[in-house]
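Undergrad: take a look and give me a structure for this.
(one chain, ligands or ions: 1)
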Amino acid sequence: VEASIPEPQREAWTKNQFESFKDQGEFEKEVVRHVETTLARSMFNCDETAAYSATALAFRDRLIKDWNKTQQRQTFTDSKRIYYLSLEFLMGRALDNAMLNVKGKDIAKGGLNELGFRIEDIISQENDAALGNGGLGRLAACFLDSMASLNYPAWGYGLRYRYGIFKQEIIDGYQVEVPDYWLDFNPWEFPRHDVTVDIQFYGHVRKSQDENGKTVANWEGGEVVTAVAYDMPIPGYDTPSTNNLRLWSSKAASGEFDFQKFNNGEYESSVADQQRAETISAVLYPNDNLERGKELRLKQQYFWVAASLYDIVRRFKKSKRPWSEFPDQVAIQLNDTHPTLAVVELQRILLDKEGLEWDEAWNIVTATFGYTNHTVLPEALEKWPVGLVQHLLPRHLQIIYDINLFFLQSVEKKFPEDRDMLSRVSIIEESQPKMVRMAYLAIVGSHKVNGVAELHSDLIQTTIFKDFVKIYGADKFTNVTNGITPRRWLHQANPRLSELIASKTGGYDYLKDLTTLNKLEQYVDDKDFRKEWAEIKYANKVRLAKYIKSTLDITVNPAALFDVQVKRIHEYKRQQLNIFGVIYRYLQLKEMSPEERKKQAPRVSIFGGKAAPGYWMAKQIIHLINNVGSVVNKDPDVGDLLKVIYLEDYNVSKAEIIIPASDLSEHISTAGTEASGTSNMKFVLNGGLIIGTCDGANIEITREIGQDNIFLFGTLSEDVEDLRHNHTYGKHSVDSGLQKVFEAITTGKFGDANDFGALVSAVRDHGDYYLVSDDFQSYVDTQKMVDEEYKNQEEWVSKCIRSVARMGFFSSDRCINEYAEEIWNIEPLAV
Ligand code: C3B
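TA: Got it, this is the predicted structure:
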């Protein structure tokens, strides 16, 4: 690295290298320096915001050193890199994570304390980086953490939304959306005003002949918008490896065109152009598992994909290697179909810009890309109208048609008898209007396709992508079960439990090899250990109870069973099943004599999660939960036996408080609908048990921890189709317990019955697509078992410990190693 500095200057550069703080004293000095110089404030008016900023800047200085070195090392070794393309990165807060990863949190705690601050207060000053909706975005964030921690040369590419996922307020029981302006002070991003790419939209294609008589396509005219890079350092745990997350921001291209407008006095319209350009990266689409087909969304996708590919190709070209080596240097992972245009864009670059022949280019493209599918829900599968693609990206549509033509020709050759096959697998759906099926394009353009849990990977191969398995063979399809980073989700969120585990497993190495948790198994029957374990859980519950008191002014008893369902609100996730179960419990309590009531196990039902702003039914569910809460929580017959809590604005930093405090969490999707789920893993890792259906990763969690340690119930995925069929053809009668629940709702026990008519009829009159009635009885019975088992605390705690001991498999490190080996063909870089 030093050799890159010219000889005469080398000494000056090397001897004057910045050194970051090494101890508490130096840390304090750095904080004071940043307060007084960078922030231009005096220590006399240093509030918590300023202390946060200065602390973040002190750690940032430290990270930058490692970050620069990592990037230089990657460049000089010229090793293969993985590029993770994701429209969502749900990062949460960065400071706590950075402090823990560089092992500087104790120093900071002591230092801040001497300066007059509590570290928790400082940490909580930071806005969440909430550039994602839910599971898919948080998975991308866990992957970045693992890739850095495992020393993989990896870059994330995404969009720098000015507004992340909206903030949720609950007003009179209804969700209200408030914009999330998170960028007012963000020390973690570095604008790279010198790294820009001009991105073209609209226009037309003109064919011409080059000097060799070859036909070339020229994409001309239209609109140009500039992408500016913003970089965020991603520190690995206990390693100097610090990777890069590059987010693109849009701004008006500073071409002569604008200038002329400006000079001509068209000031307003030149400002309007600027605003239109900035709109592209302005806001995250707030839909989870739902695609709405908006033009601006397609613009976002192309803008981000084109800028990222330009960047990747530019980096490759510096190496002066032949194009055939591109896939040896570059692996690109498509996080869902959102970045699928990258397939087309790379083919376009190779064809139109670099002059490669079709086959040569296409071989490079397919060897480069891998595609991860995250859902089988039909409403989430992306399709774009051909007309819209034609209008926005005329050259890309031509290439898509060519890709499809060559693909269908190969299919026809292989299956000459099967005429239907061609229309079934065509990338173009021959509907009115015609649509581009993005998942099919992603499959055809990739060398590997994976699902995110075993059941899900089986399902995609036997249902939505069945024909493609026939065409390409089973080897192209694989499973990589999701994982979570134990750094954030155990060490950071639950420091006391992490410390206890470290004390029994030989230090914090378990955070680097999570299977080391199995050493805990020998303490399952150790009374003292169980006591310590239970005390930590109780303390975490007290903390959540305080949070509930401070935000909702409701008192909950920390000794009650905390039953938690926090995730996006969606009919397939079945929060309605949960709240119907709560109502059923309430009605039963009301019928009991005071003596009987005394024997009941107290429970706090905690909900949290956002509904997509346009998802009316999900909003009804939120409303019902809140209305049930306002009746139940003030009913003196019930008292501590049942409380119903709706936590506002569920996000990553709140998850870090909620998850460690749960006794039981709910993962109760209709079998076959939840691709994996990842919070299920977080809850178990934090010593909570789960109630769940045989869906997604619940199945593998059960296999790992044993079926005695999980409360499973409900229909199996193989039976779902038949049941749905029966409902449609009249053989549907609502469960008798559920009927009582409906009666209570429709007689107005929880507010105006009309408000909840649709929720009831979806089950009672409209085919009960999500099988709420079919699963109700077994859900209620299983909850009863939970009550019984919770009474035996010794046994309950044993189950929790045993479960945690067996959770090693679910680290995102394991998951990333599988991607690296099976899909990316990439090795860690020695540090
Ligand atoms: C989610 C799925 O719903 C989860 O089951 C899964 O665990 C995660 O992805 C991560 O794989 N998902 C999402 O959050 N958004 C989508 N559009 C599709 C899937």
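Undergrad: mind giving me the packing neighbours of the helix or strand harbouring F607?
TA: Element membership of F607 [criterion: DSSP states H and E] is strand 603-608. The helices and strands touching strand 603-608, judged by 3 or more Cβ pairs under 8 Å, 6 or more residues apart in numbering; DSSP states H and E, are strand 561-566, helix 575-591, strand 642-647, helix 652-658. All C-beta atoms are positioned from the backbone trio N, CA, C, and that covers glycine.
Undergrad: dump those to JSON lines, plus mean neighbour count, mean pLDDT and distance to A40.
TA: Shown next, in JSON lines, are those (neighbours: other Cβ atoms under 10 Å; pLDDT from 0 to 100; distance: least, Cβ to Cβ, whole Å):
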{"stretch": "strand 561-566", "mean neighbour count": "24", "mean pLDDT": "99", "distance to A40": "41"}
{"stretch": "helix 575-591", "mean neighbour count": "21", "mean pLDDT": "98", "distance to A40": "48"}
{"stretch": "strand 642-647", "mean neighbour count": "23", "mean pLDDT": "98", "distance to A40": "38"}
{"stretch": "helix 652-658", "mean neighbour count": "20", "mean pLDDT": "98", "distance to A40": "28"}
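Undergrad: TSV for those, including distance to the ligand?
TA: TSV is the format used below for these (distance: least, Cβ to the nearest ligand atom, whole Å):
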stretch	distance to the ligand
strand 561-566	14
helix 575-591	14
strand 642-647	19
helix 652-658	13
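Undergrad: can I get these in CSV including distance to A56?
TA: Formatted as CSV, the helices and strands packed on strand 603-608 follow (distance: least, Cβ to Cβ, whole Å):
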stretch, distance to A56
strand 561-566, 27
helix 575-591, 36
strand 642-647, 27
helix 652-658, 15
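Undergrad: for the biggest helix by length in the chain, buried residues please.
TA: The longest helix of the chain (DSSP state H) is helix 48-77. By neighbour count with 16 or more other Cβ atoms under 10 Å, helix 48-77 contains the buried residues 50-63, 66-67, 70-71, 73-75.
Undergrad: so is P233 in a helix, a strand, or just coil?
TA: What DSSP: H, G, I helix; E, B strand; the rest coil gives for P233 is strand.
Undergrad: next SSE after the worst-scoring helix or strand of the chain on mean pLDDT?
TA: Least confident element among the helices and strands of the chain, by mean pLDDT, DSSP states H and E: helix 256-263 (a mean of 66). Proceeding N to C from helix 256-263, the next assigned helix or strand is helix 267-279, under DSSP H and E.
Undergrad: output the contacting helices and strands for that following helix.
TA: Here helix 267-279 touches strand 242-252, helix 256-263, going by 3+ Cβ pairs under 8 Å, 6+ apart.
Undergrad: any part of the helix or strand following that helix near the ligand?
TA: The first helix or strand that comes after helix 267-279 along the chain, using DSSP H and E, is helix 295-318. No: with Cβ under 6 Å from any ligand atom as the criterion, the ligand is not reached by helix 295-318; the gap is at least 12.3 Å.
Undergrad: OK, contacts around the residue lying closest to F683 once chain neighbours are set aside?
TA: In this structure, F683 finds its nearest non-sequential neighbour in S665, 4.1 Å apart by Cβ to Cβ, 6 or more residues apart in numbering. Contact partners of S665, counting by Cβ atoms under 8 Å, 6 or more residues apart in numbering, are 563-566, 659, 679-680, 683, 688-691.
Undergrad: so where's the chain shaky on pLDDT?
TA: Along the chain, segments meeting pLDDT under 70 span 1-3, 255-259, 730.
Undergrad: and with 80 instead?
TA: For the chain, applying pLDDT under 80 flags the ranges 1-5, 254-264, 730-731.
Undergrad: would you mind listing what in it touches the ligand?
TA: The chain comes close to the ligand at residues 133-136, 139, 288-289, 336, 374-375, 380, 452, 482, 674-678, 696, as judged by Cβ under 6 Å from any ligand atom.
Undergrad: among these, which lie within strands?
TA: For the residues of the chain next to the ligand, membership in strands holds for none, with DSSP state E as the criterion.
Undergrad: test my guess that D640 contacts N557.
TA: Yes: D640 is within contact range of N557, at 4.7 Å (criterion: Cβ atoms under 8 Å).
Undergrad: quick check: neighbours shared by those two?
TA: P602.
Undergrad: how near is E794 to the ligand?
TA: Separation of E794 from the ligand (Cβ to the nearest ligand atom, to the nearest Å): 33 Å.
Undergrad: quick thing: my sequence starts at 678, can you match it?
TA: From this message on, residue numbering opens at 678, which makes the last subject E1471.
Undergrad: quick check: that residue vs D1203, distance?
TA: Taking Cβ to Cβ, to the nearest Å as the measure, E1471 falls 11 Å from D1203.
Undergrad: and those two? Which one has more around it.
TA: D1203 (15 against 12; other Cβ atoms under 10 Å).
Undergrad: for the more buried one, what are its contacts?
TA: Counting by Cβ under 8 Å, 6+ apart, there are no residues that D1203 touches.
Undergrad: next, give phi and psi for it.
TA: In terms of degrees, to the nearest 10, the main-chain angles of D1203 are phi -80, psi 110.
Undergrad: any idea how far R1380 lies from the ligand?
TA: Applying Cβ to the nearest ligand atom, the value for R1380 to the ligand is 17 Å.
Undergrad: what helices and strands are in contact with the helix or strand where that residue lies?
TA: R1380 is part of helix 1375-1382, with elements assigned from DSSP H and E. The helices and strands touching helix 1375-1382, judged by 3+ Cβ pairs under 8 Å, 6+ apart, are helix 1131-1139, helix 1356-1362, strand 1366-1369.
Undergrad: report the angle between it and helix 1131-1139.
TA: On the basis of axes from the mean of the first three to the mean of the last three Cα atoms, to 10 degrees, helix 1375-1382 is oriented at 140 degrees to helix 1131-1139.
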